[in-house]
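1. Here you go, sequence then predicted model.
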Amino acid sequence: MNARIFEIFTSIEGEGILYGTKTLFVRFAGCPYSCFYCDTLDALPLDSGKEYSITEACNLIDSNLQDNTFKVNFTGGEPLIQHEAVSELAKHVKARGLPTYLESACFDSKKFLYVLPSIDFVKIEFKTIESEFIDEKHYPELLRNTLECLQAAVEAKKTTYIKIVVSSKTEPESFKEILEQIFKIISKENISGFIIQPTTSLSEPTLEQLLEFYDLVYPYYDEVRVVPQLHKVISAP
């Protein structure tokens, strides 16, 4: 088994409920999808990055770990396309006593379940149809898989939060439909956060739009937060 990795680096976590923490990022190469607002385009090709054995990849993580690192974030690309490698590297990180974090589009619940035992913090990202992540025909299947990932993370009692990226293209009705599906299967006590993340540079939503999305979530989860990407503000990778 090998791992194709695009880069490993230390930075400040710019998203989600662990915003602002010192983090080692392990960016896996390759993603078969492409949201219109994707900010890691260089890591999308399946042949990008470099291939390492699992031992080599573990050594690479060890050599890049800095003092006071809060967690290790497995990101991409799309890490679930290399789910077996993610699982092995996450086990290694946990054995070193560091928390693990998965940054995935949750497009495949079976692969997610394979990785889940080795992950401490889980971000469940729901893609809106306007993200252009996938075509309209296949979107219901994506939503079904993401909901299954959410339910699995909650049942496994992982620290779980939800993120939805919104843009000026995001329709309130499609956003609302996702909310209805989410809170049919979980309650607000099951999650540790709900993040609305506005796009930056491309199709940025207005304040009025953000307030509308916030108001849609609030009746379900009153600790909802609108959180832009910190790393773009501080010019971090």
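-> Yes, it's here.
2. wait, isn't residue 109 in contact with residue 143?
-> No. In this structure, residue 109 is not within contact of residue 143 by C-beta atoms under 8 Å, at 11.3 Å. Quick note: C-beta positions are derived from backbone N, CA and C, even for glycine.
3. Find the nearest non-adjacent residue to the residue nearest the centre of the chain, please.
-> For the chain, the residue nearest the mean C-alpha position is residue 103 (3.0 Å; C-alpha atoms, centre = their mean). Leaving aside its chain neighbours, residue 103 sits nearest to residue 75 (3.9 Å; criterion: C-beta to C-beta, 6 or more residues apart in numbering).
4. what pLDDT does the one you found get?
-> pLDDT recorded at residue 75 is 96.
5. partner residues bridging it?
-> When assigned by DSSP bridges, residue 75 has beta-bridge partners residue 27.
6. what's the answer for residue 123, then?
-> With DSSP bridges as the rule, residue 123 is bridged to residue 103, residue 161.
7. What's the local residue count around it?
-> The number of residues packed near residue 123 is 25, by other C-beta atoms under 10 Å.
8. Return the residues in contact with it.
-> Neighbour list for residue 123: 15, 16, 101, 102, 103, 104, 160, 161, 162, 163 [criterion: C-beta atoms under 8 Å, 6 or more residues apart in numbering].
9. rerun that using 10 Å as the cut-off
-> 15-18, 73, 75, 101-106, 153, 159-163, 193, 195 (C-beta atoms under 10 Å, 6 or more residues apart in numbering).
10. pLDDT score for it?
-> For residue 123, the pLDDT comes out at 97.
11. Any figure for the gap between it and residue 105?
-> Residue 123 sits 10 Å away from residue 105, going by C-beta to C-beta, to the nearest Å.
12. Next: residue 180.
-> From residue 180 over to residue 105 (counting by C-beta to C-beta), the distance is 20 Å.
13. of these two, who's got more company?
-> residue 105 (24 against 10).
14. my guess is that one meets residue 111, correct?
-> No. Applying C-beta atoms under 10 Å, one finds residue 105 not in contact with residue 111, separated by 11.1 Å.
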